[in-house]
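Undergrad: What follows is a predicted structure for the sequence shown.
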Amino acid sequence: MKTNLLYALMAVILLVLPTKIDAQAPTMGTANDFVLFTTIGAVTNTGISQLTGNVGTNNGSITTFGNVNGVMHNADGGSAQAAADVLLAYNQLKNAIPTFFPAPLLGNGETLFAGVYSITGATTLSNTLTLDGNGNSNAVFIFQIEAPFASLVNSKVVLINGALACNVFWKIEGLVSIAPATSMKGTIIANNAAIEIGAGSTLEGRALSTSGAIAVTGVLGFTPVGCGSTYLTGPTQPNLGSTICYALFSANGALANAGISKIKGDVGTNVGLTLGFDALDVTGAIHPIPDGSTTACSNDLLNAYSYLNLLPYDIELLYPEQLGRNLVLTPHTYFMNGAAMLTDTLYLNGRGNANAVFVIQIKGALLTSTHAKVLLINGTQAKNVFWKVEGAVDIRDYSIISGTIIVNNGAINLSTGVTIDGRVMTTDGALSVAAVNVTMTPGCLTTNLSAISSGNEVIDFSPNPFGAFTSIHIENAIMNETYELRIYNLLAQKVIEIVLTDENSLLQISQLSAGMYTYQILKNHKTIQTGKLISKVK
């Protein structure tokens, strides 16, 4: 009898005590890639909004947007699939079992933990709402709001202790009105209602509607990272070959400098003259006339251009004349179908990946405003940024540009005070600079030499600078192949030509006068490495 009473008491206790059910994130499908989307309704923008993620509607118009770091989908296959995926996610959020039932006023300094929150009345976000992950990066927060939702000016959602925006979801049965200067976190899904996001607001998440217009005004919006989102690496970068040792180069056209320009890297042209550079201001070889090095660079430049030209793009920037304006790009291949005008600042966001690659293809000329900037953030490195331009390039005064610029059939002008962290090259056209600073990005082998390997072989000269002799080491040499070394003076006159018959060779070069020389190494009559050698005064 006592045992039966004990079991009965335990059953009553279990019924009375709340059962903890962890909130589960819905399946987002292709909606995961959208920052703004509605199944039915217009999507409009006022002012300059910076958006990362796709933008779309399956039945409506998309108007007055500038460049978006994503794909525009308007009544296409992508929008149809997104509509189905938004509805699926909405139903999963709707059917989640509530664990908490707060009042319809959120924020004002309160802290909430993971769970499903059900609110029956019209809800307002005021001041600060903190979502605490309690050390769990998988903590999920779901807000089921059975009425309209609004935020007050300057209100914000703050995430702490491992909470992630990709694990925060707002299911709202009514109008969503985000006041100006709100900092919102998470994915918003409005059911049969519009979404409005005011000026200066930030959305780390998504604004989605099953049916209703979406309007944003000068906002910063971006899809959240984490929770299995795609880790962006960008495309494979081109093989620069011997061009990697050049800072300024034209395959066919004069190269001229006016004023004091500080250059780190070789400068030269393969057809024409290189004029106006002071050797004291150039850390690298000046090629006053074409030589073996410029010939190799010309060939490798064409190969690099061809690769970039044929590279499929992920995202088309629809308004090339509005490039910049604080636009933020992530690792992708971008395409602009016309001449581009870079104004103010363009940010390249590596999202913490130091190896992330950016390729920007411009089907037309490139012009910048004065003081234009390309700034690298969150791990992006200039050595992984590439510009392919089909036309003339004019970089205006005091602009700061990052990356290797490869121009096809166009002249290049770098005006006073321009700073380039990379390289500037053209397949055909004059290149003129005036009191600029150009620093080639890493890659040219500078330990005892200035050289570049195409393939797996690296040829090392030691010492360099040298006196009466230098030793030559061919790494990973295949000695049944034929290796030739040619050395040229700065007048492009060949002063030494020998065949290298061993992995290690000692080269007697006491006959060379003090000064700088260029060299070319060929394997089976094909150039595999070029660089510079320096003979010391003896």
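TA: Okay, I see it.
Undergrad: Below-threshold pLDDT in the chain: ranges please.
TA: Scanning the chain for pLDDT under 70 picks out the ranges 1-21, 445-456, 476-480, 537-538.
Undergrad: Would you map out the domains in it?
TA: 29-222, 241-439, 450-535 (automatic domain parsing).
Undergrad: Now tabulate these in CSV and tack on mean neighbour count.
TA: All C-beta spots, glycine's among them, are computed from the backbone N, C-alpha and C. Shown next, in CSV, are the domains of the chain (neighbours: other C-beta atoms under 10 Å):
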stretch, mean neighbour count
domain 29-222, 20
domain 241-439, 21
domain 450-535, 16
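Undergrad: Output the ones you listed as TSV; include the columns distance to residue 230.
TA: Below are the domains of the chain laid out as TSV (distance: least, C-beta to C-beta, whole Å):
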stretch	distance to residue 230
domain 29-222	8
domain 241-439	10
domain 450-535	31
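Undergrad: quick one: which of those domains is nearest residue 22?
TA: Nearest to residue 22, of all the domains of the chain, is domain 29-222, at 7.1 Å by C-beta to C-beta.
Undergrad: Regarding that closest one, how distant is the last residue from the first?
TA: 17 Å (C-alpha to C-alpha, to the nearest Å).
Undergrad: same check, this time on stretch 280-291
TA: End-to-end for stretch 280-291, by C-alpha to C-alpha: 21 Å.
Undergrad: Name the surrounding residues that touch it.
TA: With contact meaning C-beta atoms under 8 Å, 6 or more residues apart in numbering, stretch 280-291 is reached by 245-247, 260-275, 277, 279, 293-294, 440, 450, 488, 490-492, 516, 518, 532.
Undergrad: likewise stretch 133-140?
TA: With C-beta under 8 Å, 6+ apart, stretch 133-140 has contacts from 22-25, 113-114, 159-164, 167-169, 226.
Undergrad: and residue 145, how far is that from residue 122?
TA: 8 Å (C-beta to C-beta, to the nearest Å).
Undergrad: what touches both of the two?
TA: With C-beta under 8 Å, 6+ apart, residue 145 and residue 122 have common neighbours 104, 174.
Undergrad: on that earlier part again, of the domains of the chain, which is nearest residue 231?
TA: Across the domains of the chain, residue 231 has its closest neighbour in domain 241-439 (7.3 Å, C-beta to C-beta).
Undergrad: Give me the distance between the closest one and the centre of its chain.
TA: Put simply, domain 241-439 sits 16 Å off its chain's centre (C-alpha atoms, centre = their mean, to the nearest Å).
Undergrad: Residue 361: what secondary structure?
TA: The three-state label given to residue 361 by DSSP: H, G, I helix; E, B strand; the rest coil is strand.
Undergrad: these two touch, right, it and residue 308?
TA: Yes. In terms of C-beta atoms under 8 Å, residue 361 counts as a neighbour of residue 308; the distance is 6.8 Å.
Undergrad: what touches both of the two?
TA: Counting by C-beta under 8 Å, 6+ apart, the residues touching both residue 361 and residue 308 are residue 388.
Undergrad: Let me know the next secondary structure element after the one helix or strand residue 394 maps to.
TA: Assigned by DSSP states H and E, residue 394 belongs to strand 393-395. Per DSSP H and E, strand 393-395 leads on to strand 400-407 as the next helix or strand towards the C-terminus.
Undergrad: Can you show me the CA trace of that following strand as PDB?
TA: Extracted in PDB, the C-alpha atoms of strand 400-407 (Å, rounded to 0.1, in the frame of the first residue of the first chain):
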ATOM      1  CA  ILE A 400      44.600  53.600 -51.200                       C
ATOM      2  CA  ILE A 401      44.100  50.400 -53.200                       C
ATOM      3  CA  SER A 402      44.800  46.800 -52.100                       C
ATOM      4  CA  GLY A 403      45.400  43.800 -54.400                       C
ATOM      5  CA  THR A 404      46.900  43.000 -57.800                       C
ATOM      6  CA  ILE A 405      45.400  44.900 -60.600                       C
ATOM      7  CA  ILE A 406      45.600  43.300 -64.100                       C
ATOM      8  CA  VAL A 407      44.400  45.400 -66.900                       C
END
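Undergrad: Which elements pack onto it?
TA: helix 292-310, strand 373-377, strand 385-389, strand 393-395, strand 419-426 (3 or more C-beta pairs under 8 Å, 6 or more residues apart in numbering; DSSP states H and E).
Undergrad: Not counting its own residues, what contacts the second one?
TA: What that stands for is strand 373-377. By C-beta under 8 Å, 6+ apart, strand 373-377 touches 342, 344-350, 382, 385, 399-403.
Undergrad: which of these sit farthest apart?
TA: 350 and 399 (21.3 Å).
Undergrad: follow-up on the earlier one: from the contact counts, what lies against the strand holding residue 394?
TA: strand 366-368, strand 400-407, strand 412-414, strand 419-426.
Undergrad: Report the separation between residue 421 and residue 374.
TA: Residue 421 is 9 Å from residue 374, where distance means C-beta to C-beta.
Undergrad: Now render the helices and strands packed on strand 400-407 as JSON lines, adding distance to residue 526.
TA: Shown next, in JSON lines, are these (distance: least, C-beta to C-beta, whole Å):
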{"stretch": "helix 292-310", "distance to residue 526": "10"}
{"stretch": "strand 373-377", "distance to residue 526": "35"}
{"stretch": "strand 385-389", "distance to residue 526": "25"}
{"stretch": "strand 393-395", "distance to residue 526": "31"}
{"stretch": "strand 419-426", "distance to residue 526": "21"}
